[in-house]
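Colleague: here you go, sequence then predicted model.
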Amino acid sequence: MSLRSKTAVVALCALLLCGCGNTIDNSGLTVITGQNVHSNVPGTGSDAQNSGDNGEKPAEEAGVSVTQSVTMYKGEALPLEFSNANGLTPEIRSSDDAVAEVSGNTVNAKKAGSAEVTVDFKDGDSKTVSTAKLAVEVKISRFDKSPQPVKPAQAAAGDLPSVVLTKAMKPGEESTVVVSGAEKADFASSDENVVSVSADGKITAKADGQAEITATLTAGGKQLCQKTTVIVSGAETAAISDEELDSFFSEAVFVGSSIGEGMRYYFNSFGEGYMGDPLMLSRDCYGLFNDSGMNGDDYQLLYEGVAAPVKEHIKKCGKKYVFLNIGTNDIFAGGDRCAELCTEMIDGIKELSPNVVVYYETLTPVMIDSVLDNAEVDRFNELMQQYCAEKPDVNFIDITTMLKNPQGGLAEEYTSDHYVHLNTDAYELWVKKLREVITAQLLAEHRAEDAVLTYEESGTDAAKAAAQAAVDKLEDGAFKSSLQAKL
């Protein structure tokens, strides 16, 4: 498929003469400014006519090609327009139009997989002047987007025809520039602290920032330059909306004692709809001992006016997620006994509602010198952390640490009664922590889903490895197992 372009525009890979000036604009993309360097491009002046006088083969006839990897995301369209292609015909082709379809001057990411897009710049005699190759990998992602190129300044008349690659990477990622047809290739980075490049063209993103990678190629007695701007950012590009978070919490039930009652009052202070209006099951003096009814139903939780063990309420309400903070009224019995009772409670919940996901929120600290012992609180939480690590769909959330003072007790700025109960500032921190934890969980789940979809559609070994790595990051449970089964 052919395309002729007479304007200088940005695309994906650069094959430029050394000596061309390159500057970086505020967007972080390469801008070609160009200098008057003779390049022996046909039709560019006397150098082109006299290029064979010394018996050397002109560089542009040496069959030099440069291949760079490019990531696109399914559904994207990337225009390929060119710098300094006057008098030449860029011919673009894809090795697999089902993956990366070439339509005119645009590459369309059609399905997950891999394809090679080749741009041959040809003269009037259909001789290839230079070649840029793009190893395109198409992924599925609801979050990520390819970096958006911008137009460069007009290239100088002596520049070889080119396309310009702007590459986005995360710290630790690697990519390789593959050169073919050159007698020699030297690589350099403008900032090795941001992006390093090895003698064989392997690019490694090191730290946030941007740097220019230059490949200096020797071919046919001439030197050519290929330049790539690499933007490195470890920032998370994905985001979970408040609406998605609220939807999640709308399917949750919070279980607690008087500290849970404080959480209920905190939620209610924001009015209807806050955090998705989760179900709040809490009661003063509720505890692990009291849940069974051994001390009478005056200390059991109520749901729809009925007192019963919490496992029965959870089955009846049909919520998907249980946030459990319990044990303050039981800690006098010691951390080991509390852990024994709490694990029995969670096992009972899971027995009646096997599909529910439980989040154990750690027992909060108490004021030092109170009748309760923070060492037992810590022991209880330690044992529960061990239990949660061994149980699918039972997750551990540390609420305790952020509420402690340096001595290990409840910080004075977070207590409402200088004993065990919490104030608004403490609940604000608590809710912030919950939202952070669930946001991270949802992001990991979405990323894993996208990676598995990419593998299912592409079937490549690389996609399978990426999907497995994403699934491995998930907490053990039914969701993780469902994705693992697809690999």
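Modeller: Cool, got the structure.
Colleague: distance of the spatially closest residue to E361 that is not a sequence neighbour from P365?
Modeller: Closest residue to E361 in three dimensions, ignoring its sequence neighbours and counting by Cβ to Cβ, 6 or more residues apart in numbering: N325, at 4.2 Å. Heads up, the C-betas are built off the backbone N, CA and C, glycines and all. Using Cβ to Cβ, to the nearest Å, one obtains 13 Å as the distance from N325 to P365.
Colleague: ok, G409 touching M367?
Modeller: Yes: with contacts defined as Cβ atoms under 8 Å, G409 counts as touching M367 at a distance of 5.6 Å.
Colleague: list the contacts for the nearest residue to R435 once chain neighbours are set aside?
Modeller: Counting by Cβ to Cβ, 6+ apart, L245 is the residue found nearest to R435 once chain neighbours are left out, at 6.0 Å. When the contact criterion is Cβ atoms under 8 Å, 6 or more residues apart in numbering, the partners of L245 are M275, G276, R435, I438, T439, L442.
Colleague: quick one: which of these is nearest to E344?
Modeller: I438 (26.2 Å; Cβ to Cβ).
Colleague: and for that closest one, the neighbour number?
Modeller: The number of residues packed near I438 is 21, by other Cβ atoms under 10 Å.
Colleague: just G459 next, same as before
Modeller: By other Cβ under 10 Å, 11 other residues sit near G459.
Colleague: backbone dihedrals for the residue nearest to it when sequence neighbours are not counted, please?
Modeller: Distances taken as Cβ to Cβ, 6+ apart place G113 nearest to G459, at 7.7 Å, with adjacent residues excluded. Main-chain dihedrals, G113, degrees, to the nearest 10: phi 150, psi -170.
Colleague: by neighbours, which of the contacts of L245 wins?
Modeller: Neighbour tally across the contacts of L245 (other Cβ under 10 Å): the maximum, 21 neighbours, falls on I438.
Colleague: that one: what's it in contact with?
Modeller: By Cβ under 8 Å, 6+ apart, the residues touching I438 are I240, L245, F248, F249.
Colleague: for A411, which non-adjacent residue is closest in space?
Modeller: Counting by Cβ to Cβ, 6+ apart, the nearest residue to A411 once its immediate chain neighbours are dropped is N405, at 4.2 Å.
Colleague: what do you get for V437?
Modeller: Of all residues beyond its chain neighbours, the one nearest V437 is I397 (5.5 Å), with distances taken as Cβ to Cβ, 6+ apart.
Colleague: any idea how far that neighbour lies from I438?
Modeller: As it turns out, when the distance is counted by Cβ to Cβ, I397 lies 9 Å from I438.
Colleague: P309 too?
Modeller: P309 is 26 Å from I438, where distance means Cβ to Cβ.
Colleague: got any ranges where the stretch 151-300 of the chain has weak pLDDT?
Modeller: For the stretch 151-300 of the chain, residues meeting the criterion pLDDT under 70 lie at 151-164.
Colleague: mind running it again at 80?
Modeller: Regions of the stretch 151-300 of the chain meeting the criterion pLDDT under 80 cover residues 151-165, 219-228.
Colleague: residue ranges of each domain in the protein, please.
Modeller: Residue ranges for the domains of the chain, per automatic domain parsing: 22-232, 242-445.
Colleague: I'd like those as TSV, with distance to D476 appended.
Modeller: Shown next, in TSV, are the domains of the chain (distance: least, Cβ to Cβ, whole Å):
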stretch	distance to D476
domain 22-232	24
domain 242-445	4
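Colleague: nearest to K464, out of the ones you listed?
Modeller: domain 22-232 (11.5 Å).
Colleague: so how far is that closest one off the chain centroid?
Modeller: Between the centre of domain 22-232 and the centre of its chain there are 26 Å (Cα atoms, centre = their mean, to the nearest Å).
Colleague: quick check on the nearest residue in space to Q300 that is not next to it in sequence: phi, psi?
Modeller: The spatially closest residue to Q300, leaving aside those adjacent along the chain, is A307, at 4.2 Å (Cβ to Cβ, 6+ apart). Reported as degrees, to the nearest 10, the phi and psi values for A307 are phi -90, psi 130.
Colleague: so how many other residues sit close to A307?
Modeller: Residues within reach of A307, counting by other Cβ under 10 Å, total 16.
Colleague: try N395
Modeller: Residue crowding around N395 was assessed by other Cβ under 10 Å; the count is 21.
Colleague: report all helices and strands that the helix or strand it falls within contacts.
Modeller: When secondary structure is defined by DSSP states H and E, N395 falls within strand 394-397. Contacts of strand 394-397 with other secondary structure elements, assessed using 3 or more Cβ pairs under 8 Å, 6 or more residues apart in numbering; DSSP states H and E, are made with strand 357-361, helix 374-390, helix 424-458.
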